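> My questions concern the predicted model and sequence given below.
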Amino acid sequence: MLDKMAFFIYVIRTGSISSAARQFNVSVSAGSRWLQELEQHFGTTLCHRSNRLLEATQAGQTLYEEFSPIVDKAERISQKLAGFQD
């Protein structure tokens, strides 16, 4: 579930499922499915989709604000650990 939550963060940051899908190396259809699964998990709509415009709902904004710093921290850790590769 954490990977789908991180994907959602990138969807909101980029404003696009396709851009987030490229970041995560998944197809756009897989990314859309991840969003649907995430919404089903939480039982609420996380973003409104219209004319290729994505906007977080109030629940989505809450998820973004709470989880975004965790995604950023995980990325920093990953970068630091990459420096230890042999």
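Structure received.
> Strands along the protein, start to end?
Under the criterion DSSP state E, strands of the chain are mapped to 47-50, 53-56.
> Figure out which of these is closest to G83.
Shortest separation from G83 across the strands of the chain is recorded for strand 53-56, at 33.8 Å, computed as C-beta to C-beta. C-betas here are computed from N, CA, C, even on glycine.
> So which elements touch the closest one?
Judged by 3 or more C-beta pairs under 8 Å, 6 or more residues apart in numbering; DSSP states H and E, strand 53-56 is in contact with helix 2-14, strand 47-50.
> Which one of the strands of the chain lies nearest to S68?
S68 lies closest to strand 53-56 among the strands of the chain, at 11.0 Å (C-beta to C-beta).
> For R13, find the nearest of the strands of the chain.
When those are compared for distance to R13 using C-beta to C-beta, the nearest one is strand 53-56, at 10.3 Å.
> I'd like the average pLDDT over the closest one.
Here strand 53-56 scores 88 as its mean pLDDT.
> Going forward, the N-terminal residue is numbered 56.
Noted, 56 is the first residue going forward, which turns the last one into strand 108-111.
> residues of it that come out buried?
Buried residues in strand 108-111, counted by 16 or more other C-beta atoms under 10 Å: L109, A111.
> Tell me how far that strand lies from the chain's centre.
12 Å (C-alpha atoms, centre = their mean, to the nearest Å).
> one step back: would you mind finding the most buried of the helices and strands packed on strand 108-111?
With neighbours taken as mean count of other C-beta atoms under 10 Å, the helices and strands packed on strand 108-111 reach their highest mean count in helix 57-69, at a mean of 18.
> Rounded mean pLDDT for it, please.
The model assigns helix 57-69 a mean pLDDT of 95.
> packing partners for it?
In this structure, helix 57-69 makes packing contacts with helix 72-79, helix 83-97, strand 102-105, strand 108-111, helix 113-137, judged by 3+ C-beta pairs under 8 Å, 6+ apart.
> Make TSV from those and add distance to K59 to it.
Output for these, formatted as TSV (distance: least, C-beta to C-beta, whole Å):
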stretch	distance to K59
helix 72-79	10
helix 83-97	5
strand 102-105	13
strand 108-111	15
helix 113-137	11
